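K.L.:
show me how the following folds:
(2 chains)
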Amino acid sequence: MLTVPIETQLIFAGILFFLGLIGLLVRRNMIFMLMSIEVMFNSAGMVFIIAGTHWKQPDGQVMFIFILAVTAVEVAIALALILQVYHHYKTLDSDAVNKLKDN
Amino acid sequence: MNVFFYIAAVIAILSTIMAISGRNAIHSLLYLILSLLAVSVVFYLLNAPFIAALEVIIYAGAIMVLFIFVTMMLNIGLEKETEKKWLNPYMWILPSILAAILLVNFILAVNNVKSIPSDKTAILPKQVGISLFSTYLLAVEIAAILLMAGVIGAYHLGSQKKKVKHRFLETK
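P.N.:
The predicted structure is shown next:
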């Protein structure tokens, strides 16, 4: 039985979340920004799992499954958008994509 | 038992740092897969074996493969230089060490019979399924609608448009 205090587990999830946040803020490559968002999603789901284990309820795991579905949709759409942006601008730099003008 | 948690946590944090600070996208994605595997070890230790399996299958299996495919599709013009780097054995050392520590950690955790969550403490897939399809049935349907919209949106965004229909219709 795991006897790590719940504070430590939550701190671990928080460290992962802030690593993802730092990556999102620092990197300008869109693939890396999307990866950082993935890390943040994952750590948010981990908090649900920790809470569900703490209270011995299955609801936390149910929420993680929903987060998984949302993440899958988000990744598919975002990668399709990244492909389109690359075809238009020939770069993955997010600073290059600052125009909403249509041709 | 707690040692396994701390080892997996340290590996997850280290490989996430390597993932967000790397220059090569493929290397970063492989580090991210390692991070997800470590997180799934943590889930297993947190008495959530079903979610640990889902983490490996869906996150590390499906979503990361999608990432890698797109990254490889976009990786134009870097082939020759990156090929030389990939053949450099120096690139293999740190990922291999981290993955090996994780593997030893996993083997020890599985072999330690007392540490395997018993049926009374672990939240088993049966309970999760019952809760998912009774209490949260509406949310499941909303998730289905979201996935449908995602499929249509990804198809629409991913389809390449033809440039010119006919030479008379071409605008100058």
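
K.L.:
just want the most central residue of chain B.
P.N.:
residue B:60 (2.8 Å; C-alpha atoms, centre = their mean).

K.L.:
so it makes contact with residue B:31?
P.N.:
No: using C-beta atoms under 8 Å, residue B:60 is not in contact with residue B:31, being 11.9 Å away. Using the backbone N, CA and C atoms, a C-beta is placed for each residue, glycine as well.

K.L.:
pass me the low-pLDDT residue ranges in chain A, would you?
P.N.:
Scanning chain A for pLDDT under 70 picks out the ranges A:1, A:100-103.

K.L.:
switch the cut-off to 90
P.N.:
A:1-11, A:14-15, A:18-19, A:21-32, A:52-58, A:82-103 (pLDDT under 90).

K.L.:
same check, this time on chain B
P.N.:
In chain B, residues with pLDDT under 90: B:1-4, B:20-28, B:45-49, B:60, B:68-128, B:157-172.

K.L.:
now the helices for it?
P.N.:
Assigned by DSSP state H, chain B shows helices spanning B:2-21, B:25-45, B:49-54, B:64-74, B:79-87, B:90-111, B:125-134, B:137-158.

K.L.:
and these as JSON lines, adding distance to residue A:98 and mean neighbour count?
P.N.:
Formatted as JSON lines, those follow (distance: least, C-beta to C-beta, whole Å; neighbours: other C-beta atoms under 10 Å in any protein chain shown):
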{"stretch": "helix B:2-21", "distance to residue A:98": "23", "mean neighbour count": "20"}
{"stretch": "helix B:25-45", "distance to residue A:98": "22", "mean neighbour count": "24"}
{"stretch": "helix B:49-54", "distance to residue A:98": "38", "mean neighbour count": "20"}
{"stretch": "helix B:64-74", "distance to residue A:98": "20", "mean neighbour count": "16"}
{"stretch": "helix B:79-87", "distance to residue A:98": "29", "mean neighbour count": "10"}
{"stretch": "helix B:90-111", "distance to residue A:98": "35", "mean neighbour count": "14"}
{"stretch": "helix B:125-134", "distance to residue A:98": "42", "mean neighbour count": "15"}
{"stretch": "helix B:137-158", "distance to residue A:98": "20", "mean neighbour count": "13"}
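
K.L.:
now distance to chain A too, for those, in CSV please.
P.N.:
Compiled in CSV, those are given as follows (distance: least, C-beta to the nearest C-beta, whole Å):
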stretch, distance to chain A
helix B:2-21, 3
helix B:25-45, 5
helix B:49-54, 5
helix B:64-74, 5
helix B:79-87, 15
helix B:90-111, 10
helix B:125-134, 4
helix B:137-158, 3
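
K.L.:
how many neighbours does residue A:35 have?
P.N.:
29 (other C-beta atoms under 10 Å in any protein chain shown).

K.L.:
what does residue A:25 give?
P.N.:
So residue A:25, with other C-beta under 10 Å, has 9 neighbours.

K.L.:
same question, residue A:29
P.N.:
That count, for residue A:29 with other C-beta under 10 Å as the rule, works out to 16.

K.L.:
residue A:95 is in contact with that one, correct?
P.N.:
No: Residue A:29 lies out of contact with residue A:95 (C-beta under 8 Å); the separation is 10.4 Å.

K.L.:
residue A:64: which of the helices of chain B is closest?
P.N.:
With C-beta to C-beta as the measure, helix B:49-54 is the member of the helices of chain B nearest residue A:64 (5.4 Å).

K.L.:
on contacts alone, who are the packing partners of that closest one?
P.N.:
helix A:59-89, helix B:25-45, helix B:125-134 (3 or more C-beta pairs under 8 Å, 6 or more residues apart in numbering or on different chains; DSSP states H and E).

K.L.:
wait, does the longest one contact chain B?
P.N.:
Read it as helix A:59-89. Yes: Helix A:59-89 is in contact with chain B by C-beta under 8 Å from any C-beta of the partner chain, via A:59-62, A:64-66, A:68-77, A:79-84, A:86-87.

K.L.:
between the helices and strands packed on helix B:49-54, which one is nearest to residue B:93?
P.N.:
With C-beta to C-beta as the measure, helix B:25-45 is the member of the helices and strands packed on helix B:49-54 nearest residue B:93 (12.6 Å).
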